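Q: the sequence and its predicted three-dimensional model are supplied below.
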2 protein chains.
Amino acid sequence: MARPREFDEQQVIESLMKVFWSKGYEATTMQDLVKASGLLKGSLYGAFGDKQALYLASLKHYNSTRIHSQVDMLNGDGNVRRKITRLFDNVIDATKRDIFAGGCLLCNASLEKAVSDKLVKNEIKTTIRRLKVAIVDALKVEGVNEDSAASLAAFIISAYFGTRVLAKAGAPAAMMGNTRDHCLQLLPKADLNRSS
Amino acid sequence: MARPREFDEQQVIESLMKVFWSKGYEATTMQDLVKASGLLKGSLYGAFGDKQALYLASLKHYNSTRIHSQVDMLNGDGNVRRKITRLFDNVIDATKRDIFAGGCLLCNASLEKAVSDKLVKNEIKTTIRRLKVAIVDALKVEGVNEDSAASLAAFIISAYFGTRVLAKAGAPAAMMGNTRDHCLQLLPKADLNRSS
DNA sequence: TGTGTTTTTGACCATTTGGTCATAAAGTAT
DNA sequence: ATACTTTATGACCAAATGGTCAAAAACACA
């Protein structure tokens, strides 16, 4: 048909995302994105669109690679206690591994772009809804009724997001474990009927 | 001695703060600040310093006018349950009154500037510490031991910050009340000994 | 009234910003 | 080969950015 792309789209988006992740939308310049991606400005615009589109694509990429893995875990096997534990521990582990100071791009986007960019807000709401549904379902499996599950899931997400904010504000790593343990306290205890 | 200031410093800072509050640091231009304050660029620089200094001053003003009132309330009379209830309800009420979409400047600063600006990070940490100490003290009054109180206070702040993020991401107003109620579940029940 | 000091003013600046576009290059299909 | 279509390239742009500065203005004090 015509001249083919010389770059891998996913790979480029991953590199763009890292910039937005660590610097935020406004503090990121097209120069930063050009340098990080290895492409030239014209190619970036041609392939993805303007800066807002690049950000939206980056956020979607973040959600589908970083958040969706958590959703899959929540939808997988295991009891709720184990799942919520892993929800936090996955972040704790990642924090210990990297020195990366970007925090959670989903939270960052919520505070920096949700109000000013409708498409971003929509992507955020959809992703949070997915997270919530996964937690609700995991709770219902253990016999928690619909309303309690919905209420509890929203609360856990609040606590989860809050820790990501506090962590970026310089809170010690132990704080995240502390928050995790308090969330566990609110969950139904292991089903003793089933283990007997 | 010399020519006196023609403006009220607190009043100007209040107007600057509102801009940073609603737009964030990077998205705010000196033009925005000039328009909002009524001063000219030269006066702003002469009186406060550069943009970073304006932001830091705005954040400190936010903390001393918006957060410190919460700290005072926590340090005042009443049992913990009532205090934590009011901690959330004050925000819920303010949200219902204003259509203002700035969220919490302390949270915004945590995600946008804590990593890149040491002075901002310090101000944030100091303010959060004050919040935490106030909650810890309120808990200790009710007989909660030091360690439990510290752990619980940190958790409540996580939940509190998390709701502010979710709210800005478009969560319904009821979510904040839901988070409040779950926090209350973790608190010691009203001291029945004392009421008998 | 005159002197000294600080503020106010707005013109000015280099640099950077996000974004465009004509051209060249690189493929594919005939 | 040739024509056609898409991509890559980098020069280019108007506008906006944060920040400066010399001059004028406004006060306090002697």
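A: The structure has been received and is ready for your questions. Numbering: from 1, shown residues only, chains lettered A, B, ... in the order given.
Q: ok, now how distant is A:Ala134 from DNA strand C?
A: Distance of A:Ala134 to DNA strand C, computed by Cβ to the nearest atom of the strand, to the nearest Å: 35 Å. Any C-beta I mention is one placed from the backbone N, CA and C, and that applies to glycine too.
Q: my read is that that residue contacts A:Asn75, right?
A: Yes - A:Ala134 is within contact range of A:Asn75, at 5.2 Å (criterion: Cβ atoms under 8 Å).
Q: name the residue in these two with the higher neighbour count.
A: Remark: of A:Ala134 and A:Asn75, A:Ala134 carries more neighbours, 21 against 14, as counted by other Cβ atoms under 10 Å in any protein chain shown.
Q: what helix or strand is the more buried one on?
A: helix A:118-141 (DSSP states H and E).
Q: does any bit of that helix sit next to chain B?
A: Yes - under the criterion of Cβ under 8 Å from any Cβ of the partner chain, chain B is reached by helix A:118-141 at A:121, A:124-125, A:128.
Q: in the helix or strand hosting A:Met176, what's buried?
A: In this structure, A:Met176 sits in helix A:174-186 according to DSSP H and E. Going by neighbour count (16 or more other Cβ atoms under 10 Å in any protein chain shown), the buried part of helix A:174-186 is A:175-176, A:178-180, A:182-184.
Q: just stretch A:122-140 next, same as before
A: A:123-125, A:127-128, A:130-136, A:138-140.
Q: spatially nearest residue to the most centrally placed residue in chain A, not counting backbone neighbours?
A: Central residue of chain A (Cα atoms, centre = their mean): A:Ile67, 3.9 Å from the mean position. The shortest distance from A:Ile67 to any non-neighbouring residue, by Cβ to Cβ, 6 or more residues apart in numbering or on different chains, is to A:Thr127 (5.6 Å).
Q: how much space between that neighbour and A:Leu33?
A: 23 Å (Cβ to Cβ, to the nearest Å).
Q: do the same with A:Pro4
A: As judged by Cβ to Cβ, A:Pro4 and A:Leu33 stand 22 Å apart.
Q: between the two, point out the one with more neighbours.
A: Neighbour count, other Cβ under 10 Å: between A:Pro4 and A:Leu33, A:Leu33 has more, with 22 against 5.
Q: who's in contact with that one?
A: A:16, A:19, A:44, A:51, A:54 (Cβ atoms under 8 Å, 6 or more residues apart in numbering or on different chains).
Q: repeat that for A:Phe161.
A: A:104, A:107, A:110, B:161-162, B:165-166.
Q: swap in A:Leu119?
A: A:52, A:56.
Q: hang on, the earlier thing: can you redo the buried residues of helix A:174-186 as TSV with pLDDT and distance to A:Phe88?
A: Shown next, in TSV, are the buried residues of helix A:174-186 (pLDDT from 0 to 100; distance: Cβ to Cβ, whole Å):
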residue	pLDDT	distance to A:Phe88
A:Met175	96	11
A:Met176	96	6
A:Asn178	97	10
A:Thr179	97	7
A:Arg180	98	4
A:His182	96	10
A:Cys183	96	7
A:Leu184	96	9
